[in-house]
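>>> Got a predicted model here, sequence first, then my questions.
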Amino acid sequence: MTMQRLCQQSTLGFMAIALVIFGKPASSDEDGGPVNNYPTQARVEYVNECIAKHDDSLANVYQCSCTIDRIADVLTYDEFVNAITFARYSGLPGEGGAVFRDSDEAKSTAKRFRELEKQVQRECGLQVK
């Protein structure tokens, strides 16, 4: 099965898991467009970072694109920015990093995002690290 087809498969199982993790998903547009239309720059940045994390191979472009598309099906752009910020900066040392790692909200937001990301990466055919 090609990666393109894998990324286009039904997301019923994925949506059920995301519903458990994040609650009610955002409703889709009437025209059948994307549930949450992230800015192109955000999608490109995510895909570039994803490729770099996975052996820096352009062969993973479809899987990484699939991952951000599925995340966008669950989280609004504002929720995505908030969640990825906590997940990225939760390891910052010192007082400056405290806001990203010490509060219960920070811990739970980062954890939920990492769980969602790992799940969609598996479903999109990426080796989860």
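Here it is on my side, so go on.
>>> For the chain, give me the ranges with low pLDDT.
Along the chain, the parts satisfying pLDDT under 70 run over 1-34, 96, 98-102, 129.
>>> same thing but 90
Within the chain, the ranges that satisfy pLDDT under 90 run 1-37, 54-59, 86-108, 110, 127-129.
>>> Do a quick rundown of the helices in it.
Shown for the chain, the helices assigned by DSSP state H span residues 3-8, 12-22, 40-53, 61-74, 77-89, 98-101, 104-123.
>>> Comparing these, which comes out most buried?
Across those, averaging neighbours per residue (mean count of other C-beta atoms under 10 Å) puts helix 61-74 on top, at a mean of 22. (C-beta placed from N, C-alpha, C; glycine too.)
>>> the inter-axis angle of that helix versus helix 104-123?
Relative orientation of helix 61-74 with respect to helix 104-123: 130 degrees, computed using axes from the mean of the first three to the mean of the last three C-alpha atoms, to 10 degrees.
>>> the inter-axis angle of helix 61-74 versus helix 40-53?
Using the same axes, to 10 degrees, helix 61-74 lies at 130 degrees relative to helix 40-53.
>>> Extract the CA atoms of helix 61-74 and return them as CSV.
Taking Å, rounded to 0.1, in the frame of the first residue of the first chain, the C-alpha atoms of helix 61-74 are listed here in CSV:
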residue,chain,number,x,y,z
VAL,A,61,7.4,13.8,3.5
TYR,A,62,4.1,12.0,2.9
GLN,A,63,4.1,10.6,6.4
CYS,A,64,5.0,13.9,8.0
SER,A,65,2.3,15.7,6.0
CYS,A,66,-0.2,13.0,7.0
THR,A,67,0.7,13.6,10.6
ILE,A,68,0.0,17.3,10.6
ASP,A,69,-3.1,16.9,8.6
ARG,A,70,-4.5,14.4,11.2
ILE,A,71,-3.5,16.7,14.1
ALA,A,72,-5.4,19.5,12.3
ASP,A,73,-8.4,17.3,12.3
VAL,A,74,-8.4,17.2,16.1
